[in-house]
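# got a sequence here, can you build the structure:
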Amino acid sequence: MKVQTGYLYHIKDEFFDMINGKGLMINHENGRSRPTYFTIKDKDILWFIPLSSKVSKYQPIIDKKVKKYGDCRSIMIREIADKKSVILLQNAFPTLEKYIDHPHTINGAPARVGDLLKDEILENFNALLAMKKQGINLFFTDIDRIKEMILEEKDL
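Sure, this is the predicted structure:
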């Protein structure tokens, strides 16, 4: 499978079992494979950013952050596949290609976001990584621990 930045995928339960990490979103709910993840290919690892349909849950959180800080880069609400979706950059985590279960499809074709949205997500994600390097961690998951685990596994 050719994994590309901007496409949407689902992850195997095996990854969640291995990581057992606080801050990771539940992989299955009501018998459906979820959430769907926006993917960023970064050399040998992949960054997965969960998407949610719970706009009414996250809009007040975004509003509060904007009021307090002037903007919000950790959560975005945008149109994806003709539906409003929440892009939860704060819940991003690294993984390996072997943990991808399957691509998300719409009418049988692999789903992806448009280039403008992809660029906006990448810009916000890179800003969050830069802030983390400066000591301001907005990620809910322990991305350093997960990255260390998957890189060790990759080198075995």
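# which outside residues touch stretch 62-73?
Outside stretch 62-73, the residues that touch it by C-beta atoms under 8 Å, 6 or more residues apart in numbering are 61, 74, 75, 77, 89, 124, 127, 128, 138. Where C-beta positions appear, they are placed from N, C-alpha and C, glycine not excepted.
# quick one: the nearest residue to residue 149 once chain neighbours are set aside from residue 7, how far?
Of all residues not flanking residue 149 in the chain, residue 19 sits nearest, at 6.9 Å (C-beta to C-beta, 6 or more residues apart in numbering). Separation of residue 19 from residue 7 (C-beta to C-beta, to the nearest Å): 22 Å.
# picking that back up, in helices, which of the contacts of stretch 62-73 fall?
Secondary structure from DSSP state H places 61, 124, 127, 128 of the contacts of stretch 62-73 in helices.
# and these, which two are furthest apart?
61 and 127 (17.8 Å; C-beta to C-beta).
# for the longest strand anywhere in the chain, name the packing helices and strands.
In the chain, taking DSSP state E as the definition, the longest strand is strand 45-52. Here strand 45-52 touches strand 8-11, strand 37-42, strand 83-88, strand 93-95, helix 115-133, helix 143-155, going by 3 or more C-beta pairs under 8 Å, 6 or more residues apart in numbering; DSSP states H and E.
# got a markdown table for those, with distance to residue 54 too?
Converted to a markdown table, those look like this (distance: least, C-beta to C-beta, whole Å):
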| stretch | distance to residue 54 |
| --- | --- |
| strand 8-11 | 17 |
| strand 37-42 | 15 |
| strand 83-88 | 6 |
| strand 93-95 | 19 |
| helix 115-133 | 18 |
| helix 143-155 | 23 |
